[in-house]
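In: sequence plus the predicted model coming up.
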Amino acid sequence: MSVRGGWRDACRLCKPRSGYLQIASEKSASGTFAVVVIKPRKGGDGLKYTVPMSFLPKLGQINSTIQDPLGRYKAVMALPDLFTVEPVK
C-alpha cells in the first residue's frame, strides 16, 4: 500500500465517536498547513504527515476551479510531494 493510500484509508476508518481520531488543540508548526499523526491502535510507532504552507495557493486554486468533489480529490492527491512523512514514537 502506498503512503497516500495509507493516509486515505486511515481517514476513512475513523468513524464518529470511535475514539480513533483525536484532534489536537494546538496549532501546527509555523510554515505548515496541516500535521497528521497516525499511530497503530495497539500502540507502537506511528507516522507523521506534514503538509507545508507553500501548498495553500495550489489547494485554493484546485478548490475554486474544480467543482466535482471527486475531481478535486484526485487533483489534490496527484500533487507531487504534497506531504512529507516521518516516523514518530
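Out: Received, thanks. Numbering: from 1, shown residues only.

In: and the helices in the chain?
Out: 3-13, 56-65, 69-77 (DSSP state H).

In: any idea which of those helices scores lowest on pLDDT?
Out: Least confidently modelled of the helices of the chain is helix 3-13, at a mean of 53 by mean pLDDT.

In: the most centrally placed residue in the chain pairs with what?
Out: In the chain, the C-alpha nearest the mean C-alpha coordinate belongs to residue 36, at 5.6 Å (C-alpha atoms, centre = their mean). Listed beta-bridge partners, residue 36: residue 49 (assigned using DSSP bridges).

In: can I assume it is in contact with residue 49?
Out: Yes: Residue 36 is within contact range of residue 49, at 4.5 Å (criterion: C-beta atoms under 8 Å). Placement of C-beta: from N, CA and C, glycine included.

In: who touches the closest residue to residue 46 other than its chain neighbours in this structure?
Out: Nearest residue to residue 46, sequence neighbours excluded (C-beta to C-beta, 6 or more residues apart in numbering): residue 39, at 3.2 Å. Residue 39 makes contact with 45-46, 88, according to C-beta atoms under 8 Å, 6 or more residues apart in numbering.

In: now swap in residue 48 and tell me
Out: 35-38, 85-88 are the contacts of residue 48 under C-beta under 8 Å, 6+ apart.

In: of those, grab the buried ones for ChimeraX.
Out: The buried residues among the contacts of residue 48 can be selected in ChimeraX (16 or more other C-beta atoms under 10 Å) with this line:
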select :36,38
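
In: and of the contacts of residue 48, the nearest to residue 72?
Out: residue 36 (18.5 Å; C-beta to C-beta).

In: distance of the closest one relative to residue 86?
Out: 12 Å (C-beta to C-beta, to the nearest Å).

In: do residue 68 as well
Out: Residue 68 is 33 Å from residue 86, by C-beta to C-beta.

In: try residue 51
Out: 13 Å.
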